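Visitor: What shape does this take:
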Amino acid sequence: MATALSERIADLVKRSPDQMRTEEYTAVAESLLSVAPRHALVFGCGRDSELWCSLMPAGGVIAFVEDNVQWATSVPAPVVVTRYKGTVERWREQDPLAIMDCAPIISRVPWDWILIDGPRGDLPKAPGRLGPIHFASNRDAVVLVHDCHRDLEQGACDTWLPRPFRAVHHLRLYDRP
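Guide: Take a look at the predicted model:
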């Protein structure tokens with residue numbers, strides 16, 4: 001991987017040590033570069049959003065889905081602001097189709113690369129990633145899911161993405177079905 005990209009990833013890890021690890025950022029970047037998607041979708045905006053935008057191949061489109069308006073305004077790409085109706089503590093009882101109010105909007109695009117790094121899922125009242133994982137499972141796309149060490153993410157992936165994956169710490173990488 002190019003030195004400049006490695007330096008950008010090192011800077012991200014330094015500024016946000018509680019987010020992805022170096023190996024995880026590297027795996028996401030390598031996946032995005034190797035797939036060269038025409039349509040990439042990222043659930044969750046953050047300090048790494050600019051990096052994902054910069055790695056998009058020419059002619060490709062990258063968009064984000066975010067539930068926090070402050071994060072949504074910080075991204076140099078289209079952002080669909082959504083509201084999640086579920087919570088981590090009740091994920092087993094919820095209908096995954098009813099969790100995201102943005103599903104009809106983002107379903108119109110043939111996404112071929114999807115990164116799920118949001119919404120927040122580390123607290124009982126947080127939305128968790130049930131909706132995004134279910135959404136991604138119905139697409140002919142490379143899918144990457146962060147924080148798969150948590151019950152919701154692991155359970156949802158095991159249920160809706162029952163295909164082989166490669167794990168890099170708390171990140172799962174699924175090739176196209």
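Visitor: Could you use CA atoms for every contact and neighbour count after this?
Guide: Noted.
Visitor: Touching, residue 131 and residue 101? I think so.
Guide: No. Under the criterion of C-alpha atoms under 8 Å, residue 131 is not in contact with residue 101, lying 9.7 Å apart.
Visitor: Looking at these two now, which is surrounded by more residues?
Guide: residue 131 (25 against 15; other C-alpha atoms under 10 Å).
Visitor: Quickly note the distance from the more buried one to residue 92.
Guide: 12 Å (C-alpha to C-alpha, to the nearest Å).
Visitor: List the residues that contact the residue nearest the centre of the chain.
Guide: Nearest to the geometric centre of the chain sits residue 116, at 1.8 Å (C-alpha atoms, centre = their mean). With contact taken as C-alpha atoms under 8 Å, 6 or more residues apart in numbering, residue 116 is in contact with 42-44, 129, 132-133, 143-146.
Visitor: now the protein, which segments are flagged as low pLDDT?
Guide: Applying pLDDT under 70 to the chain flags residues 1.
Visitor: and the two most separated of the contacts of residue 116?
Guide: Greatest spatial distance in the contacts of residue 116: 44 and 143, 14.1 Å, computed using C-alpha to C-alpha.
Visitor: Residue 33 is in contact with residue 60, correct?
Guide: No. Assessed by C-alpha under 8 Å, residue 60 is found out of contact with residue 33, at 11.6 Å.
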